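Novice: Quick one: sequence plus predicted model below, questions after.
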There are 6 protein chains.
Amino acid sequence: MYPPELPRPIIDRLVEATLLEDLGRAGDITTQATIAPGMRARASFVARKPGTLAGIALAEAAFRIIGGRCRFDAKVADGSRITPGLVLAVAEGDARELLSAERTALNFLGRLSGVASITAQFADAISHTKARIVCTRKTTPGLRAVEKYAVRCGGGKNHRFGLDDAILIKDNHVAVSGGITAALKAAKAFAGHLVAIEIEVDSLDQLKEALSAGANAVLLDNMSIAELREAVAINQGRAVLEASGNVTLETVRAIAETGVDLISSGFITHSAPNLDIGLDIEVG
Amino acid sequence: MYPPELPRPIIDRLVEATLLEDLGRAGDITTQATIAPGMRARASFVARKPGTLAGIALAEAAFRIIGGRCRFDAKVADGSRITPGLVLAVAEGDARELLSAERTALNFLGRLSGVASITAQFADAISHTKARIVCTRKTTPGLRAVEKYAVRCGGGKNHRFGLDDAILIKDNHVAVSGGITAALKAAKAFAGHLVAIEIEVDSLDQLKEALSAGANAVLLDNMSIAELREAVAINQGRAVLEASGNVTLETVRAIAETGVDLISSGFITHSAPNLDIGLDIEVG
Amino acid sequence: MYPPELPRPIIDRLVEATLLEDLGRAGDITTQATIAPGMRARASFVARKPGTLAGIALAEAAFRIIGGRCRFDAKVADGSRITPGLVLAVAEGDARELLSAERTALNFLGRLSGVASITAQFADAISHTKARIVCTRKTTPGLRAVEKYAVRCGGGKNHRFGLDDAILIKDNHVAVSGGITAALKAAKAFAGHLVAIEIEVDSLDQLKEALSAGANAVLLDNMSIAELREAVAINQGRAVLEASGNVTLETVRAIAETGVDLISSGFITHSAPNLDIGLDIEVG
Amino acid sequence: MYPPELPRPIIDRLVEATLLEDLGRAGDITTQATIAPGMRARASFVARKPGTLAGIALAEAAFRIIGGRCRFDAKVADGSRITPGLVLAVAEGDARELLSAERTALNFLGRLSGVASITAQFADAISHTKARIVCTRKTTPGLRAVEKYAVRCGGGKNHRFGLDDAILIKDNHVAVSGGITAALKAAKAFAGHLVAIEIEVDSLDQLKEALSAGANAVLLDNMSIAELREAVAINQGRAVLEASGNVTLETVRAIAETGVDLISSGFITHSAPNLDIGLDIEVG
Amino acid sequence: MYPPELPRPIIDRLVEATLLEDLGRAGDITTQATIAPGMRARASFVARKPGTLAGIALAEAAFRIIGGRCRFDAKVADGSRITPGLVLAVAEGDARELLSAERTALNFLGRLSGVASITAQFADAISHTKARIVCTRKTTPGLRAVEKYAVRCGGGKNHRFGLDDAILIKDNHVAVSGGITAALKAAKAFAGHLVAIEIEVDSLDQLKEALSAGANAVLLDNMSIAELREAVAINQGRAVLEASGNVTLETVRAIAETGVDLISSGFITHSAPNLDIGLDIEVG
Amino acid sequence: MYPPELPRPIIDRLVEATLLEDLGRAGDITTQATIAPGMRARASFVARKPGTLAGIALAEAAFRIIGGRCRFDAKVADGSRITPGLVLAVAEGDARELLSAERTALNFLGRLSGVASITAQFADAISHTKARIVCTRKTTPGLRAVEKYAVRCGGGKNHRFGLDDAILIKDNHVAVSGGITAALKAAKAFAGHLVAIEIEVDSLDQLKEALSAGANAVLLDNMSIAELREAVAINQGRAVLEASGNVTLETVRAIAETGVDLISSGFITHSAPNLDIGLDIEVG
């Protein structure tokens, strides 16, 4: 597996919009007021807490798009485990540009490394099993692409990127469309050959119906450990089994040990705390 | 104080972009495959955890912009304390539009109510003092306006919205510009009459220098409770005093009781966990 | 199968941009010069050639976004077979808005119905087999979503919507990554559980290697009818087989009769001739 | 006449949007899965069919905007006649960027060269006359500027670029505004001195009326060869005469030989088949 | 001549962007702080100075796009002469929306009516001649379409809308391309049949050369009244003659009386003072 | 005080949009027709009238974004006083790019230098007093950021940048919210610690009420010189006093000499005449 990667055009458009959000109409007035043009500075991005890095290319883009008079050197690659005190990157050059772009760079690094770090904690907790942690569509508005990338940096796998790239039949779809078998039949008739189909079930009977109807993957929603274990036995490797609901760092190990293939968590994207990364600036 | 408000053009542009992010190029293929055109449904947004609501107008916009064939009725106003089981809003109408927009609505409600809820917890903890909780620029990229709004919904106050609407002289500006007095002098010369000036200090000596130089507000960074108490005594009501650093639900009460005016927290925006809000859907 | 559907936000953004492209900076100066404000007219969209309709919702949007003073009534649904003389839709109301929007409406209808119509011709030619016609990423820049929709209207299936929603390992990826087995192994390690993997092969030996390595789908590139038949025999139903190359209305029947599952054509999107749809306008 | 040219800001904005359309939210996952970072490759764009080239600057932009780690060398200029086997351009450098951008480059080259090639065929067929082939507003949504450019590359002339840059009074305008003389009078009163006025006529009597009323140009709609010849005789060089309707490669020669100045075709933009251009990639 | 008209999609996009520029990230905080939700108000737009109105549809759009809870009634049409005290329009409804949108509405009305008013003054001064006042490309960045519209409201005519809709060969083009005759020949070879060609000349000799070379229109740059008169005599009605340079309200009459067809002025767009329009608000 | 500065991302986005506005769909057809590819030219931006320069970075951006084949050397910095004949900047390189971008560059330079120049005239007239000239929100739609910057270049100070960065309670807010004291109380309860509060008053009694209620700043609307002098006496330095209304170059000196702190003018942004800057081009 190669390191995760984000397309440059996506990075540039997102970082430009974020800089403009922060600059407003007048720009960085503190810097304009207090920093002489032509001053130089050197900023080190330093981990304050242990975790997993994500977002270094967005930090680089912040200094490039603000004006390009700072050189940015990444010292650590996305996906790396980091420890307090580790220098992650150094930006050096024009002091005004450096001070105007650093918060945008830090906001991306903090949020994405936060997602990567909590993902890595989940991944570590279940690394003795075949189960993998996967994210959901419960991402921050506007950050779907980069938060999914951060999940990959943390060793997780991605679930759907949106409503359009796979079929996930939830309980409501089942209810409206007339049951599991009918819904799966409709989905198969609709889907192209590269579109996978997953269905959510609430009970083992539903699981059996889904398997009979030929589901590629089944989301086992809010099942107990015992039920999950039973589900794995029933499945006999036919469908990919995804456990969902009540997934925490305390419960994830037991869930993984039931033999499910995937454990999905909205928490790793929608509730990941920021990773604390600081900035040490030297003048001159 | 009237309830907080978000401008409609900001809401509409943000919600449209978020829907497009989720719809991708093919739209909601699960719904297209399994839900017959013309089916109707009714969705209730229900609190699963206690907290403080924020974002109801963005949820409304999601159903309007997806196509407008669902009626959306807000049952609870932003800023309200909510308890598990409370119905927050009901969307009713075209089942396809309802199912395609609900995740966008929930993602906004969950994130913004998360920010409002943690803010309210901080605000509650210090409500016996004059201190107020304030947010920072450590917000999620692209969501500055709405996260700041959520802080207001939670009973917090807003700090700067960007680099451009107030001067906040940080340690690095002080270092580069030749000291506190010089930096404040430069800032005063620069600032228009509606631009307030705040300066960060690390020690009581720096505080004294800042007060002598006429700072409107002083950010006391990472000071101990004893130092904060001393700072309040030194200040004698001259400047607005803002405490920053190590602010948690455990420490905030003691910080507030030192007599500072403001306590700032990046945590309430960058690390607020989602508020759990569920969706109960009935067909027909 | 329900009729194909396009999300409203995608339609609106695309049609607005297209109207602005046509209006330029001065708007419709012919209409401004010659049509009195307040005049009314009635326009019938009429099929001039037989084919399959696609794009009626984009035509509707053109009249809504130009100003909304014309009522638009679709008489025929997308996906319908149409014959010369059939009235597809009627727009009635303000003559200025009607004349300013009609070309945008017709350009969408003509292009998308062109794609749907040629797709339907291919689909008809192979309807006695199990094979289905599928499109490719060879679409018109900017129109990926709507051309793929038109393929569905014509009875085709969609292949990938972009670089991101499925893995299609082409000959160049095979060459760079060290062979079919290595490439498939790398792809499986990378892919999430909803990401299907297809691989292109040029020979029957490569097909065998791909099948051994567990490909979900195999693209048989530029094979003869005899080779395709042999490929189907080798496959024994294990992978989805897609034939590609030299697909024309003359050849498609024989290809389908080899027993392949899919036949892909760039022609149906990149070279589909416009479907001739005319506009009959009555004043008053 | 210098070679046709497209403004760089138009190219860059269009190509960026098209790359983002293809990259979606996850980027090129096939390449991410199978191609090691740092691999290098060399791609030759090779004509597979004879035709006329257009779009080379858009291909260049695709490799620049994807990330800029490939060098792009155009070997042939837009507007050149090309033959099967001719190398049109070479891109060389980072294999990942090369594989992610090639389809966007090819889609532009194929479509625009398709337009240029069919235009050139029409132009060739009438090169022994003074008549010129012109395009219409029947262009692909979003591609007006570049398809009109491709027409110039093929030796055609451009008609209006939009509703705003010239007055073209069609039959419906005539009907609503009270006749040819009234419409032309209104148009002349409205038009600035740089705005040319053309009017559509269906009969020779209408032509006479239009000439009397001082039309700069007259569009002769769906006239027979005999009528066209008569129209030229009536006109006596006063107005520019444009023949329209039933223009095919079979009919265009006879139309041109009637002595008309222009022959307009929607076909050359809305129905031009792609020009087949292939990509030969070498690793290393 | 019908009243000038601006396309609705152009208005809406421009007004939305302008509202967002004013609302920033927090919206109208004065109104949020001091105006109770649900309060109603009534605002009359009243002329404070005499002039010519332009921009009423943009004012309407401001109240619609801010949220739509105010009804907007235009009392006077664009292009009307207005006198101090005249009520131009009334907006009535939600007080918060009304107060948040009024400055955007006024800024458009003031600027565009300013352009229309100064244009009308020039037009009045020369109304006894056949000459017409025309604008240039010296417009405010971003406002080309609406300022050109305002010129029409003031009774002026539009020159080019951009670099792309007509050929205007200036002195620099002449210098670089090898002289007037060569430049005109190149232009004619390039131009489509609807593209008019104008050329700038500095002397009567150049005028003669331009006329011999068949220019449609000639821009007489910075000529004296005597030279202009001579130019008209030389021209004998062959080309449209446009006088340019030193055009003021003092000089324009004499210039017009020389017999030129057009008098162009950058002043009417780039230096038009705002027209003073006030807002009278009643509560309740 | 350091020279004023504009953020690079703001400049680039604005200049790109303005170039596209001018280029339209076909680009600079005059240049395409008459200037041979590869020709070189040298353009000097020369002051034709005395004034104060603003906008040089936007001119630079125009030549960079059009294609980057011209070198741009600024000879004079924004904020400098300039005299007729002074060379402000030189652009040298590709003649086509140079001729296509020069009008955009000049339009920015002319407008922004116009604002700076009139501001400087006001500032000069009151330089013997402590009063400062300030701008308002009466700016050109879309140009808020750059016109405010030009005011700074002219030696003025900025008032609010939008509705969101300070509270300015106008007469209408006072009327709707129940009076000066009530409005100020509401504003103080609402405002964060960095949000300044100003209130408009029409009489000295209102001023007294505003001061008692603790206003930071008071806008004295349309007061006579005598009233202003009285207001200064009443204020005794408590609030910042801003005079507004009837501010012209004739009246501003007397207003300043009353002792007010600020004098605001919409004229300097909404009615500033263009500064005349010419372009001298040499071929080769």
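Specialist: Yep, it's here. Residues are numbered from 1 along each chain as shown, chains lettered A, B, ... in the order given.
Novice: List the residues that contact A:His159.
Specialist: A:134-137, A:166, A:264, C:192-194 (CB atoms under 8 Å, 6 or more residues apart in numbering or on different chains). (Glycine included, C-beta is placed from N, CA and C.)
Novice: Mind doing that once more with 6 Å?
Specialist: Under the criterion of CB atoms under 6 Å, 6 or more residues apart in numbering or on different chains, the neighbours of A:His159 are A:134-136.
Novice: In JSON lines: these, plus pLDDT.
Specialist: What follows is the contacts of A:His159, written out as JSON lines (pLDDT from 0 to 100):
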{"residue": "A:Val134", "pLDDT": "98"}
{"residue": "A:Cys135", "pLDDT": "97"}
{"residue": "A:Thr136", "pLDDT": "97"}
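Novice: Which ones among those map onto strands?
Specialist: When the contacts of A:His159 are checked against strands (DSSP state E), the matches are A:Val134.
Novice: right, and out of the contacts of A:His159, which lies closest to chain B?
Specialist: Nearest to chain B out of the contacts of A:His159 is A:Thr136 (CB to the nearest CB; 9.2 Å).
Novice: Count the neighbours of that closest one for me.
Specialist: 20 (other CB atoms under 10 Å in any protein chain shown).
Novice: Equivalent analysis for A:Gly178, please.
Specialist: 14.
Novice: helix/strand/coil for whatever residue of the stretch 151-284 of chain A ends up closest to chain E?
Specialist: At 20.6 Å from chain E, A:Asn274 is the closest residue in the stretch 151-284 of chain A, using CB to the nearest CB. Classification of A:Asn274 using DSSP: H, G, I helix; E, B strand; the rest coil returns coil.
Novice: State the distance from it to B:Ala272.
Specialist: As for A:Asn274, its distance to B:Ala272 is 10 Å (criterion: CB to CB, to the nearest Å).
Novice: re the thing from before, can you check the pLDDT for the residue of the stretch 151-284 of chain A closest to chain E?
Specialist: Confidence at A:Asn274, expressed as pLDDT, is 97.
Novice: which residues touch it?
Specialist: A:110, A:114, B:270-271.
Novice: Closest one of these to chain D?
Specialist: Distances from chain D to the contacts of A:Asn274, taken as CB to the nearest CB, are shortest for A:Gly114 (19.6 Å).
Novice: neighbours of the closest one, just the number please.
Specialist: 29.
Novice: go on, A:Arg40?
Specialist: Neighbours of A:Arg40 using other CB under 10 Å come to 16.
Novice: Which residue lies closest in space to it, excluding its sequence neighbours?
Specialist: A:Ala95 (5.7 Å; CB to CB, 6 or more residues apart in numbering or on different chains).
Novice: I'd guessed the one you found sits against A:Gly38; true?
Specialist: No: the pair A:Ala95 / A:Gly38 is not scored as a contact, 8.3 Å apart, by CB atoms under 6 Å.
Novice: Can stretch A:124-133 be said to contact chain C?
Specialist: No: using CB under 6 Å from any CB of the partner chain, stretch A:124-133 stays clear of chain C, with a minimum separation of 8.5 Å.
Novice: as a whole number, average confidence for that stretch?
Specialist: 98.
Novice: what do you get for stretch A:277-284?
Specialist: Average pLDDT, stretch A:277-284: 89.
Novice: Likewise for stretch A:147-157?
Specialist: Mean predicted confidence for stretch A:147-157 is 98.
Novice: Just the residues contacting that stretch, thanks.
Specialist: A:4, A:6, A:52, A:54, A:78-79, A:112, A:115-116, A:119-120, A:123, A:132-135, A:139, A:158, A:269, C:192.
Novice: Restricted to helices, list those residues.
Specialist: Among the contacts of stretch A:147-157, DSSP state H puts A:112, A:115-116, A:119-120, A:123, A:269 in helices.
Novice: For the stretch 101-250 of chain A, what lies in contact range of chain C?
Specialist: Counting by CB under 6 Å from any CB, the stretch 101-250 of chain A sits next to chain C at A:157-158, A:165-166, A:189, A:192-194, A:196, A:217, A:240.
Novice: Now for the residues you listed: which two are most distant?
Specialist: A:Lys157 and A:Ala189 (27.8 Å; CB to CB).
Novice: These two - which one has more neighbours?
Specialist: A:Lys157 (22 against 10).
Novice: what's across from the more buried one in the sheet?
Specialist: On the basis of DSSP bridges, A:Lys157 is bridged to A:Val134.
Novice: now it: how far from F:Ala166?
Specialist: In terms of CB to CB, A:Lys157 sits 49 Å off from F:Ala166.
Novice: again, but for A:Ala226
Specialist: For A:Ala226, the distance to F:Ala166 (CB to CB) stands at 62 Å.
Novice: Walk me through the domains of chain A.
Specialist: A:8-121+A:272-283, A:124-270 (automatic domain parsing).
Novice: and those domains as JSON lines, adding distance to E:Ala213?
Specialist: Below are the domains of chain A laid out as JSON lines (distance: least, CB to CB, whole Å):
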{"stretch": "domain A:8-121+A:272-283", "distance to E:Ala213": "47"}
{"stretch": "domain A:124-270", "distance to E:Ala213": "57"}
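Novice: What are the boundaries of the strands in the stretch 1-150 of chain A?
Specialist: Ranges of strands within the stretch 1-150 of chain A are A:40-47, A:51-52, A:70-74, A:81-82, A:87-94, A:132-134, based on DSSP state E, counting those that start in this stretch.
Novice: so which of those strands is the most packed in?
Specialist: Mean neighbours per residue, mean count of other CB atoms under 10 Å in any protein chain shown, is largest over the strands of the stretch 1-150 of chain A for strand A:51-52, with a mean of 26.
Novice: How far does that one sit from its chain's centre?
Specialist: Put simply, strand A:51-52 sits 13 Å off its chain's centre (CA atoms, centre = their mean, to the nearest Å).
Novice: cool, and stretch A:106-125?
Specialist: 8 Å.
Novice: what about stretch A:8-20, distance to the chain center?
Specialist: The chain centre lies 18 Å from the centre of stretch A:8-20; the measure is CA atoms, centre = their mean.
Novice: again, but for stretch A:75-94
Specialist: Worked out by CA atoms, centre = their mean, stretch A:75-94 lies 20 Å from the chain centre.
Novice: any idea how far chain C is from A:Val76?
Specialist: 22 Å (CB to the nearest CB, to the nearest Å).
Novice: dump the residue contacts of the residue nearest to that residue when sequence neighbours are not counted.
Specialist: Of all residues not flanking A:Val76 in the chain, A:Leu88 sits nearest, at 4.8 Å (CB to CB, 6+ apart). Going by CB under 6 Å, 6+ apart, A:Leu88 touches A:45, A:75-76.
Novice: And these, which is closest to chain D?
Specialist: Using CB to the nearest CB, the contacts of A:Leu88 come closest to chain D at A:Val76, 15.8 Å.
Novice: Find the nearest non-adjacent residue to the closest residue to chain E within chain A, please.
Specialist: Closest contact between chain A and chain E, by CB to the nearest CB, is at A:Gly24 (6.5 Å). Among residues not flanking A:Gly24 along the chain, B:Asp164 sits closest, at 3.5 Å (CB to CB, 6+ apart).
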